[in-house]
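Q: sequence plus predicted model, see below.
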Amino acid sequence: MHRAPALPNPDIDALPVAADVPPERRAIQFVGEQERVVDADVARARGLTLVELGNAWAPAILDDGTGPGGAVLPNRYRGVFTGLAADRADGDGQPTTGEKNYLDLYGVPPTLGVLRERIVGDADRVCDPTFDTAKLLAVDEITTWGATTEQKEVNKHHYRGLRLEDARAKAQAESLEALAEADPRYAKDVKAHLRRELERASFAEVEKRLACEGLLDLTKHKTGTYDTLMRKAMFDFQQKHAVMDQADLKRTSLEALARPLLVNDLADLRRVLAERAVAAGRFLEDGSSKATYPGSDGARHPVPDLVTAATDATLARLGIVEPEDAVAFFRRHPARDFSALRVAVRFQPLPEYHAAEMELSAEIDRGDVWYDFPYDEKGVRQPQPRQNFPTFTLYTRWRGERVALVRWRTTVGGWRGELGADGQEYLRWKGSDVGKRVWRHIVALPVWIPPTSSPLGSMVKVKKVNGMFVNVTNYDETGPGFLSAYGLAAAIHEQIIKGPEGTTYYDNGIRTHGSFDYMSLRGRFSHGCHRLYNNLALRMFTFVLQHHRVHTLGPMALGFRRAFWWKGEVYEMRLPTRGFYYELDPPLPVEVLEGRIMGEREKPLSGYQRKPGVVYAASSRPPAASDSPESRAGGAEAP
């Protein structure tokens with residue numbers, strides 16, 4: 001666990017107590033052994049940064065804009081964002097009744113008010129010693145199944161144990177291990193049996209640990225099974241603490257479960273404060289670029305990790321180093337304090353290439369690309385390994401060089417399943433355009449328009465309304481929202497076309513955008529777009545808007561309306577806007593590199609290809625594939 005450094009001694013940034021300043025000028029600092037109220041104006045004059053701790057915080061890209069004549073351009077999702085962060089509302093903006101959202105991995109970190117309730121509550125629990133971390137960590141992974149398969153596997157394990165015990169007794173072996181050593185015929189079964197026994201023992205500790213955190217009700221859960229309650233509890237734990245396993249019981253989840261509750265809580269607080277610190281400091285560098293830049297002193301300097309440094313400084317100025325310090329901080333601040341609270345912090349000086357306006361550009365390396373059809377003539381899946389994965393890099397130009405500010409994992413297109421006009425599923429190469437493009441528009445809360453090929457069932461969801469579960473139109477994938485196919489923010493890739501009548505722009509449906517499908521950033525393919533984690537997309541696009549000339553266009557009218565019939569009922573989908581638009585002036589250059597072409601083909605097959613193992617209704621050729629931008633870019637996986 002990363003620990004924030006203690007405050008320097010002597011503390012030259014300690015400001016005098018100013019308890020009687022009006023509320024709008026108040027900030028806090030931890031000085032010596034206690035916290036004090038200081039004057040925010042004095043803090044600014046001393047070069048300190050005010051980090052917002054209040055529950056109303058949201059990334060600046062979600063702020064209202066100003067139009068011609070000073071007209072307010074409302075960004076209506078900001079209220080939804082803060083409601084989600086505070087566990088007051090759901091993704092549709094409707095009030096909740098005590099449910100926890102756990103949306104950190106989706107780009108909506110909890111408020112400090114939510115963290116206060118979590119940390120103070122966990123400090124009062126006395127269950128930490130009741131689970132055995134040695135047993136919990138005795139395996140690297142616990143195998144899980146669906147309900148039907150699980151019972152079969154339980155029975156299989158039970159009868160295998162009986163057979164092995166009978167064989168052990170007949171062989172007069174002291175243990176199953178001794179039986180396997182004496183008679184190799186039993187070695188494989190003994191290994192599998194003992195492995196499953198360790199998994200069962202670990203699973204029992206997982207149950208205790210989840211119950212300890214208040215996520216699993218043992219009175220309703222069937223002990224020893226990965227039932228619906230247990231699966232939801234595990235998924236909630238992973239979402240709560242930003243563990244990317246999606247209900248699977250892998251090593252990363254087991255290690256997180258083995259940590260004390262307050263240790264995980266402090267890590268959660270650190271992630272939340274990192275976003276607040278980045279927003280206050282208006283920087284982006286997180287140490288991922290591993291680049292250097294030329295200094296005015298003639299030497300080369302590493303691009304610093306400003307995010308970690310600022311997060312450390314913020315925690316230190318709050319007096320938080322250990323988990324117990326976080327408990328003390330939240331105990332001295334009642335819930336009402338987080339309606340408005342700021343801390344005055346000294347951040348590391350910005351590198352000299354920083355400026356109010358920076359010459360920014362982006363580059364996407366597609367990494368290893370396979371155009372070969374992924375199945376052979378017998379329908380056997382062919383391996384297409386990748387050593388080099390796609391990367392996104394944001395640059396600034398300084399002293400004649402491109403300086404990489406961040407370098408993050410992203411996605412590119414590949415072979416994907418798609419529904420044809422005949423209602424049958426085919427495979428299609430959903431590639432990412434190569435070459436020079438520009439970002440002319442950045443969109444907060446972008447909306448994806450479902451093409452006519454979208455399955456109607458995906459456009460309906462079940463939702464609890466007034467205590468009853470009903471079918472409603474599903475806006476999760478279309479957006480605006482954190483589950484949108486385009487995430488919480490996007491930049492549109494456009495090709496500049498110069499002709500006799502002037503310059504035009506061509507949009508082929510490719511975006512760099514945030515994504516709720518965070519697992520896809522770990523090696524999966526998109527439908528052609530370049531995905532980023534939602535929080536990084538918000539962070540990066542906010543940075544671009546702060547350091548590039550921009551015109552705020554506000555909500556872009558769409559007026560999309562579609563009625564459809566599904567399972568005996570008529571539904572209507574309305575999309576009034578495409579999102580909240582910003583126009584970059586001039587457009588920001590972005591180039592997609594071809595990458596390293598693997599395999600035999602130098603170009604992909606075009607159109608729909610029959611999917612091995614699928615029995616098609618007709619022997620005719622597959623239908624033509626849609627080339628609409630929505631078809632190219634949409635279709636994120638279900639959460």
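A: It's in.
Q: for stretch 459-468, buried residues please.
A: Of the residues in stretch 459-468, 459, 460, 463 count as buried by neighbour count, 16 or more other Cβ atoms under 10 Å. C-beta here means a position set from N, CA and C on the backbone, and glycine is covered the same way.
Q: among the residues you listed, which ones are in strands?
A: Those of the buried residues of stretch 459-468 mapping onto strands are 460, 463, per DSSP state E.
Q: and which of the buried residues of stretch 459-468 is nearest to residue 196?
A: Using Cβ to Cβ, the shortest approach to residue 196 within these belongs to residue 463, at 39.2 Å.
Q: could you find the closest non-adjacent residue to the closest one?
A: The shortest distance from residue 463 to any non-neighbouring residue, by Cβ to Cβ, 6 or more residues apart in numbering, is to residue 472 (5.0 Å).
Q: let's have the buried residues of stretch 459-468 in a markdown table, adding pLDDT and distance to residue 556.
A: Compiled in a markdown table, these are given as follows (pLDDT from 0 to 100; distance: Cβ to Cβ, whole Å):
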| residue | pLDDT | distance to residue 556 |
| --- | --- | --- |
| 459 | 87 | 22 |
| 460 | 90 | 26 |
| 463 | 86 | 27 |
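Q: next up, the contacts around the residue nearest the centre of the chain.
A: For the chain, residue 105 is the residue whose C-alpha lies nearest the centre (Cα atoms, centre = their mean; 3.7 Å). Residues counted as contacts of residue 105 (Cβ atoms under 8 Å, 6 or more residues apart in numbering) are 239, 242, 244, 518, 533.
Q: need the three-state assignment for the closest residue to residue 444 other than its chain neighbours.
A: The spatial neighbour of residue 444 that comes closest, neighbours along the chain excluded (Cβ to Cβ, 6+ apart), is residue 580 at 4.2 Å. Taking DSSP: H, G, I helix; E, B strand; the rest coil as the rule, one finds residue 580 in the strand state.
Q: same thing with residue 491?
A: Going by three-state DSSP, the secondary structure assigned to residue 491 is strand.
Q: distance check, the residue nearest to it when sequence neighbours are not counted against residue 51.
A: Taking Cβ to Cβ, 6+ apart as the measure, residue 491 lies nearest to residue 439, with 4.1 Å between them; neighbours along the chain are not counted. When distance is defined by Cβ to Cβ, to the nearest Å, residue 439 is 29 Å away from residue 51.
Q: for residue 265, same thing?
A: For residue 265 relative to residue 51 (Cβ to Cβ), the value is 19 Å.
Q: quick one on the thing from earlier: what is the burial count for the residue nearest to residue 491?
A: Close neighbours of residue 439, defined as other Cβ atoms under 10 Å, add up to 24.
Q: show the contacting residues for it.
A: For residue 439, the set of contacting residues under the criterion of Cβ under 8 Å, 6+ apart consists of 362, 491, 492, 493, 494, 512, 544, 584, 587, 588, 590.
Q: so what's the fourth one bridging to?
A: To tie it back to what came earlier, the one meant is residue 493. For residue 493, the beta-bridge partners are residue 439 (DSSP bridges).
Q: show me where the stretch 351-500 of the chain has helices.
A: For the stretch 351-500 of the chain, no helices turn up when DSSP state H, counting those that start in this stretch is the criterion.
Q: quick check, residue 231 in contact with residue 249.
A: No: with contact defined as Cβ atoms under 8 Å, residue 231 and residue 249 do not form a contacting pair (10.1 Å).
Q: the more surrounded of these two?
A: More crowded of residue 231 and residue 249, by other Cβ under 10 Å: residue 249, with 23 against 15.
Q: surely the more buried one touches residue 144?
A: Yes: in this structure residue 249 lies within contact range of residue 144 using Cβ under 8 Å: 6.0 Å.
Q: is it true that the residue nearest to the centre of the chain lies in a strand?
A: No: according to three-state DSSP, residue 105 belongs to no strand; its state is helix.
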